[in-house]
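A.B. asks: I need the structure of the sequence given here:
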Amino acid sequence: MKKSTKVLIGATTASAAAFLGFGLLSNKLVLTRTSKPIFEKISETKKKTTLTPLEEKAEILDKEGEEWFDAQEKEHVVIKNSKNRPLHGYIVKAKEPSDKWAICIHGYTSSPKRVGSYALHHHNRGYNILFPVLRGHDISDHKHITMGWLDRLDMLDWIDYLVTIYDNPTIILHGVSMGAATVMMTTGEELPENVKCCIADCGFSSVWDEFDHEMKEEFKFPVPFTLLSPATITSKFVNGYTFKEASSIKQLEKSKTPTLFIHGEEDKFVPYRMMDLNYNAAACPKEKLSIPDAEHANSHLMHPEIYWPKTFEFIDKYIENVTV
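C.D. replies: The predicted structure follows:
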């Protein structure tokens with residue numbers, strides 16, 4: 001064998017090994033629950049040491065939501081998804097018997113407790129609350145975080161559970177961050193008439209777009225190829241989907257579910273520009289709401305006086321006889 005041929009084979013093998021190695025590494029850092037995902041580590045390093053009065057108020061409201069969740073009498077529900085895998089969730093019943101349900105869906109590396117500050121507002125209006133645990137989070141049996149894409153199929157199972165167990169429930173979907181991507185992706189599927197509307201708070205346009213943004217902003221990679229290209233191949237092999245396939249935009253193009261898109265104008269984690277990408281793609285009845293001063297996933301905390309009246313106004317267009 002010629003020396004040049006050996007060198008070419010060696011270089012090709014090394015490149016393939018490096019490509020695979022990057023894929024396995026990036027998939028582990030970003031999508032596997034066994035080690036804290038890299039983007040969560042980044043967000044922790046950016047926590048502010050000093051807060052403005054508005055931010056201090058927001059922290060108080062956030063804590064109140066967690067305390068509300070802890071204080072509720074919760075039913076731990078386990079159902080099986082379409083692959084016969086267990087899905088975990090919690091139910092908090094309304095104060096008075098009600099056929100209205102809000103499915104409140106948490107974000108990346110979060111948990112049902114972290115959306116207590118959303119759920120308590122719906123609960124105060126007479127709603128039962130369902131808190132699904134997304135794959136790879138909290139008490140989920142799944143190993144991998146699937147960024148909303150496979151979770152959208154689990155949401156179909158949760159919706160079917162409510163429709164089967166309860167008498168003609170009226171359902172709204174309310175998701176934040178990755179939870180917002182989950183509900184947007186869910187609305188691209190065929191949903192029963194029980195699902196009346198959707199609130200999507202700071203959701204990303206696609207998994208590829210979000211990771212691309214983080215790679216460029218946080219790691220200063222000029223192009224996303226170094227980690228994302230092998231990672232998306234690994235994702236296809238391990239979880240059955242690519243990052244570009246996992247698209248809120250493509251799902252919204254098929255959506256019939258009325259959706260309110262909300263985004264904080266100071267969001268740097270899921271950039272504010274993604275709201276218009278999602279909104280413009282949506283084929284459903286739609287509205288949007290921009291929240292000034294708000295960073296990622298705290299629009300409802302920074303300006304509740306803007307957030308909740310608009311949210312309830314939107315919901316009330318599609319659901320009658322709401323208890324206030």
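A.B. asks: Can you verify residue 198 is assigned to a strand?
C.D. replies: Yes - counting by DSSP: H, G, I helix; E, B strand; the rest coil, residue 198 is found in a strand.
A.B. asks: Let me know the pLDDT of it.
C.D. replies: pLDDT, residue 198: 98.
A.B. asks: cool, residue 133 as well?
C.D. replies: In this model, residue 133 is scored at 97, pLDDT.
A.B. asks: so residue 102 touches residue 129, yeah?
C.D. replies: Yes - at 5.4 Å, residue 102 counts as touching residue 129 under the criterion of Cβ atoms under 8 Å. Every C-beta, even on glycine, is put in place using the N, C-alpha and C of the backbone.
A.B. asks: Find residues that contact each of those two.
C.D. replies: Shared contacts of residue 102 and residue 129 (Cβ atoms under 8 Å, 6 or more residues apart in numbering): 119, 122-123.
A.B. asks: Return the closest of those with respect to residue 253.
C.D. replies: residue 122 (27.9 Å; Cβ to Cβ).
A.B. asks: The closest one reaches residue 102, doesn't it?
C.D. replies: Yes - with contacts counted by Cβ under 8 Å, residue 122 reaches residue 102, the gap being 3.9 Å.
A.B. asks: For these two, list the residues in contact with both.
C.D. replies: 129, 172, 174.
A.B. asks: my guess is the last one is in a helix, correct?
C.D. replies: What that stands for is residue 174. No - checked against three-state DSSP, residue 174 lies outside a helix; its state is strand.
A.B. asks: now the strands for the stretch 201-324 of the chain?
C.D. replies: 259-264, 286-291 (DSSP state E, counting those that start in this stretch).
A.B. asks: Parallel or antiparallel, which strands does the first one pair with?
C.D. replies: Spelled out, it's strand 259-264. Note on strand 259-264: by DSSP bridges, its sheet partners are strand 195-201 (parallel), strand 286-291 (parallel).
A.B. asks: How many residues are close by residue 69?
C.D. replies: For residue 69, the neighbour count with other Cβ atoms under 10 Å is 23.
A.B. asks: Remind me which helix or strand it belongs to.
C.D. replies: helix 53-71 (DSSP states H and E).
A.B. asks: Show me the contact partners of that helix.
C.D. replies: With contact meaning Cβ under 8 Å, 6+ apart, helix 53-71 is reached by 48, 51, 112-120, 293, 298, 300-302, 304.
A.B. asks: Next secondary structure element downstream of it?
C.D. replies: strand 75-80.
A.B. asks: Only the C-alpha atoms, please, for whichever helix or strand comes after that following strand, written as CSV.
C.D. replies: In the C-terminal direction, the helix or strand that comes right after strand 75-80 (DSSP H and E) is strand 86-92. Provided in CSV are the C-alpha atoms of strand 86-92 (Å, rounded to 0.1, in the frame of the first residue of the first chain):
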residue,chain,number,x,y,z
PRO,A,86,-44.2,5.1,32.0
LEU,A,87,-45.0,8.8,32.1
HIS,A,88,-45.2,10.6,35.4
GLY,A,89,-47.3,13.7,36.3
TYR,A,90,-49.1,15.4,39.1
ILE,A,91,-52.7,16.6,39.3
VAL,A,92,-54.0,19.4,41.5
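A.B. asks: neighbouring strands for strand 86-92, and are they parallel or not?
C.D. replies: In the sheet, strand 86-92 lines up with strand 75-80 (antiparallel), strand 128-132 (antiparallel) (DSSP bridges).
A.B. asks: Rounded mean pLDDT for it, please.
C.D. replies: Mean pLDDT, strand 86-92: 97.
A.B. asks: Give me the nearest residue to residue 168, chain neighbours excluded.
C.D. replies: Closest residue in space to residue 168, ignoring its immediate chain neighbours: residue 99 at 6.5 Å, by Cβ to Cβ, 6 or more residues apart in numbering.
A.B. asks: swap that for residue 319, sorry
C.D. replies: Nearest residue to residue 319 in three dimensions, chain neighbours excluded: residue 196, at 5.4 Å (Cβ to Cβ, 6+ apart).
A.B. asks: Could you say which of the strands paired with strand 86-92 is packed most deeply?
C.D. replies: Across the strands paired with strand 86-92, the average number of neighbours (mean count of other Cβ atoms under 10 Å) peaks for strand 128-132, which reaches a mean of 25.
A.B. asks: Give me the angle between the helix or strand just after that strand and strand 195-201.
C.D. replies: Downstream of strand 128-132, the first helix or strand assigned by DSSP H and E is helix 151-165. Inter-element angle recorded for helix 151-165 and strand 195-201: 140 degrees (by axes from the mean of the first three to the mean of the last three Cα atoms, to 10 degrees).
A.B. asks: Helices along the stretch 151-300 of the chain, start to end?
C.D. replies: Secondary structure of the stretch 151-300 of the chain (DSSP state H, counting those that start in this stretch): helices located at 151-165, 178-186, 207-218, 225-239, 248-252, 273-281, 299-302.
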